[in-house]
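In: give me the fold of what follows.
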Amino acid sequence: MAFNRARGRKGVIEMNTHTLRHMMALVAAIGIFLAGARQLRAAEQMKIDVALAKPYLMAGQKQTSFLRVGLTGLPIDAARRTPVNLAIVLDKSGSMQGDKLRKAKDAALASIDRLGPNDIVSVVAYDHTVEVLVPATKISDRAAVRGAIERLSAGGNTALFAGVSKGAAEVRKFVDRQRVNRIILLSDGQANVGPSSPTDLGNLGASLLKEGISVTTLGLGLDYNEDLMTQLARKSDGNHYFNENTADLARRFGYEFDDVLSVVAQEVTVRVTCAEGVRPIRVLGREADITGQSVTTYLNQVYGDQEKYI
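Out: Here you go, the predicted model:
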């Protein structure tokens, strides 16, 4: 492996497998090579785990197996965490009236309280139109941010695509590879104004990933479009949470902030080079480039105390 330390820096992990016949031979063939001035820190903050679904493959026979490459971020000191550039995008359509909107605001307010003076936040709300409640700014006037969220009321249809696009525009104002650039979207319904298919939202997510922006989606209730929300999250390398009722909302918002505030690596490229006679076929659940014996894929972020894998 060779990769550069993350706090916004691009990294490459290279694995050359001299043989896939035996699991021990595969592991023995992986070396760790770190480039750049922060070699020791990078080694301390990430670890790799590689495994084959079948520990042995029969020589001389055509067969298929799965290779799992996992990257785990080690715990990070909160005082040294990467600052965030965050847009909170809230659905305020008519179906959010009552307890849904109240709990959504409570979750957003609790999250705001966890941000520090070097973090940037924006708040966007949408129904059939989109409103920027808090333009992207550092948390210097916490009371003003909280007041804008508290005044939010529900009504109208659901312009989800436009809401995410406006959140992305706010993030772009301060987009920086030295920050964690993230959109957190909450919705309880269908996208019925503007582009509204899973493909449309998946394409939006993929384009944002190229800018280093991930989208985390929180679906609330039983009627939201899960395909649409999961495509948006998956294509942007974000997270997706299903919340059956409002009781789960604050906890899931908290989980997401745990991730946002514990990023140890960003823009990590994973490259797997197979030995002669081994043909890579596909990567499950991620976009990847397969050229000859090499597979290249991308992880936007790796979190402390969590594993991401291909």
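In: just the buried residues of stretch 277-290, please?
Out: Pro280, Val283, Arg286, Ala288, Ile290 (16 or more other CB atoms under 10 Å). Any C-beta I mention is one placed from the backbone N, CA and C, and that applies to glycine too.
In: nearest to Asn300 among these?
Out: Asn300 has its nearest neighbour among the buried residues of stretch 277-290 in Arg286, at 10.8 Å by CB to CB.
In: so which strand or helix has that closest one?
Out: Using DSSP states H and E, no element contains Arg286; it sits outside every helix and strand.
In: same deal with Gly70?
Out: Using DSSP H and E, Gly70 sits in strand 67-73.
In: now Met229
Out: helix 226-235.
In: now the element after that helix, going C-ward?
Out: strand 240-243.
In: what's that next one packed up against?
Out: strand 214-220, helix 226-235, helix 249-260 (3 or more CB pairs under 8 Å, 6 or more residues apart in numbering; DSSP states H and E).
In: note down every partner strand of that strand and its orientation.
Out: strand 214-220 (parallel) (DSSP bridges).
In: ends of stretch 271-290, what's the gap?
Out: One end of stretch 271-290 sits 10 Å from the other (CA to CA, to the nearest Å).
In: hang on, the earlier thing: give me the buried positions along the helix holding Met229.
Out: Within helix 226-235, the residues scored as buried using 16+ other CB under 10 Å are Leu228, Met229, Thr230, Gln231, Leu232, Ala233, Arg234, Lys235.
In: which residue, other than its chain neighbours, is closest to the last one?
Out: Closest residue to Lys235 in three dimensions, ignoring its sequence neighbours and counting by CB to CB, 6 or more residues apart in numbering: Gly205, at 3.4 Å.
In: so Leu186 bridges to which residues?
Out: Going by DSSP bridges, Leu186 forms beta bridges with Leu90, Leu218.
In: quick one: stretch 302-310 to chain centroid distance?
Out: From the chain centre to the centre of stretch 302-310 is a distance of 11 Å (CA atoms, centre = their mean, to the nearest Å).
In: that stretch: which residues count as buried?
Out: Residues Val302, Tyr303, Gly304, Lys308, Tyr309, Ile310 are the ones in stretch 302-310 that count as buried (16+ other CB under 10 Å).
In: same thing with stretch 92-111?
Out: Residues of stretch 92-111 classed as buried: 92-93, 95-96, 100-101, 103-109, 111 (neighbour count, 16+ other CB under 10 Å).
In: what's the farthest-apart pair in those?
Out: Once CB to CB is applied, the buried residues of stretch 92-111 give Ser95 and Ser111 as the farthest pair, at 22.2 Å.
In: which sections of the stretch 101-250 of the chain are below the confidence cut-off?
Out: 189 (pLDDT under 70).
In: please, which helix or strand holds the spatially closest residue to Arg151 that is not a sequence neighbour?
Out: Among residues not flanking Arg151 along the chain, Leu133 sits closest, at 8.0 Å (CB to CB, 6+ apart). Leu133 belongs to strand 130-138 when assigned by DSSP H and E.
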